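S.K.: Sequence and predicted structure are below.
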Amino acid sequence: MFAQHEARRALEIGQMVKGRVIQISDEHVFVDVGGKGEAWIDPAELADDEGRLKVKVGDEIEATVVATGDEIRLSHRLRQGAQAREALAVAAQTGVPVEGKVAGVIKGGYEVTVGGMRAFCPFSQMELRRVESEQEYVGRVLEFRVTRYAEG
């Protein structure tokens, strides 16, 4: 059990993984990501415009790790490069939160890594109350709402 926990910790948010689809339900597509354990992805991300799944059990897929811990969650859409930018733009338009890792403290806020890309979160947006210790969030994985997105 300890080895399984260690393998899951080896995955990092933003990391690209390859895996094989092992089970499909209405709510999840389960993916075997090798020695790192099982992960899941939202079936909507693997569906065509009519809502039909484009994958079946046994298919190999590439995805980005968007959450680790008790469960490993993947995103097929959120990838580095053009696909990551597109997914962040959609998150900004729709208000869907994205998971990111607080990488460090910079002038006026935090540098956050979302899908392998750098983002900024002002101190004032981190909590309802004033943040007492700016360092307490560094290294934590949190959900963020994209309020503004600009390429570059």
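M.R.: That came through, no problem. Numbering: from 1, shown residues only.
S.K.: And the pLDDT for the residue nearest the centre of the chain?
M.R.: Centroid-nearest residue in the chain, with Cα atoms, centre = their mean: V66, separated by 1.9 Å. Model confidence at V66, expressed as pLDDT, equals 82.
S.K.: now R130, what's its secondary structure?
M.R.: Here R130 is coil, with the state taken from DSSP: H, G, I helix; E, B strand; the rest coil.
S.K.: Can you get me a residue count around it?
M.R.: If you count neighbours by other Cβ atoms under 10 Å, R130 ends up with 8. Bear in mind the C-beta positions are built from the backbone N, C-alpha and C, glycine included.
S.K.: if I look at it, how far off is E50?
M.R.: Going from R130 to E50 by Cβ to Cβ, to the nearest Å gives 49 Å.
S.K.: next one: D59
M.R.: Distance from D59 to E50, by Cβ to Cβ: 19 Å.
S.K.: for E60, same thing?
M.R.: 23 Å.
S.K.: show me what contacts L74?
M.R.: Contacts for L74 were tallied using Cβ atoms under 8 Å, 6 or more residues apart in numbering; they are 17, 19, 31, 33, 39-41, 63-66.
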